[in-house]
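>>> Provided below for reference: sequence and predicted model.
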Amino acid sequence: MKGAPVRDRNDIRQYDDLADAWWRPEGAFAALHWLAVARGRLVPRPLVPGEVLLDLGCGGGLMAPHASSYRHVGVDLSASALRVARQHAVLAVRSDATRLPLCDGTASVVVAGELLEHVRDLPAVVAEMCRVLRPGGTVVIDTINANRVARLALVGIAERLPGGPPPRIHDPELFVCPDRLRTLFAEHDVDLSVWGIRPSARDYARFLADRRHPVRMVPTRSVTLVYQGVGRKGDG
């Protein structure tokens, strides 16, 4: 945003600076729209009405179109983002992801999209995700791998590209190794499978041409950069 102050990396106040950009698909959060669609494809249909989908780091509520069959509860630390999310029928709550205000086994689905690479206590966040997830419930995640290539591609390069992350939004010291993430979930009886995901080259070329066309995120074997994951909690 022109004229916005320069913040430290991963400073939550950046979301206040960009509060009017959440629902502009051509704007600063364009890639989050693309990822929300990909994430939505992984969300199972609810078995009964009123099941809870917990959306951690919900931001402005971009998962709302993909969670309409659920009671969509969003958690975030950004008050400005939560105000936007409420405008899109999200039951938005201000809370830290390490201390979720839900009872054990409340949620049928827990989504953490582009959140885990922002948290400083990853084991505590994973533990809370698993605590509030019901037995047999589903976890859906996407995040950024922890390696030099990801640091170069998604910080050094992507922050300068249209549709890339806003400058300084990420601290690469917080990027997440998939093996570590799988281990943390396994400690709480959640078997997490992961795979890479990237923008469609053809779609991205069209986006560069007109800033209007959405970009499909397509799966890839390589988890070097951005990766998705789905896990299921054991029935106990």
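Looks like it arrived, so ask away. Numbers count the residues shown, from 1 in each chain.

>>> going forward, measure contacts and count neighbours with C-alpha atoms only.
Fine.

>>> tell me where this structure has strands.
In the chain, the segments counted as strands under DSSP state E are 52-56, 71-76, 91-94, 107-113, 133-144, 190-199, 217-220, 226-233.

>>> if you count contacts, what does the last one end up packed against?
Yep, that's strand 226-233 we're talking about. Using 3 or more Cα pairs under 8 Å, 6 or more residues apart in numbering; DSSP states H and E as the contact criterion, the elements in contact with strand 226-233 are strand 133-144, strand 190-199.

>>> can you list the strands of the chain in TSV and add mean neighbour count and distance to residue 10?
Formatted as TSV, the entries for the strands of the chain read as follows, by neighbours: other Cα atoms under 10 Å; distance: least, Cα to Cα, whole Å:
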stretch	mean neighbour count	distance to residue 10
strand 52-56	26	16
strand 71-76	24	14
strand 91-94	20	18
strand 107-113	25	16
strand 133-144	23	14
strand 190-199	20	22
strand 217-220	16	24
strand 226-233	22	17
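
>>> can I get these in TSV with distance to residue 178?
Compiled in TSV, those are given as follows (distance: least, Cα to Cα, whole Å):
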stretch	distance to residue 178
strand 52-56	19
strand 71-76	23
strand 91-94	28
strand 107-113	14
strand 133-144	9
strand 190-199	7
strand 217-220	15
strand 226-233	8
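
>>> which one of those strands lies nearest to residue 163?
Residue 163 sits nearest to strand 190-199 of all the strands of the chain, at 10.3 Å, using Cα to Cα.

>>> quick one: contacts of that closest one?
Residues outside strand 190-199 that contact it (Cα atoms under 8 Å, 6 or more residues apart in numbering) are 130, 178, 182, 185-186, 215-234.

>>> then stretch 202-222?
Here stretch 202-222 makes contact (Cα under 8 Å, 6+ apart) with 25, 26, 34, 35, 38, 162, 195, 196, 197, 198, 199, 200.

>>> which strand residues bridge the closest residue to residue 58 other than its chain neighbours?
Distances taken as Cα to Cα, 6 or more residues apart in numbering place residue 74 nearest to residue 58, at 5.2 Å, with adjacent residues excluded. Beta-bridge partners recorded for residue 74 (DSSP bridges): residue 55, residue 92.
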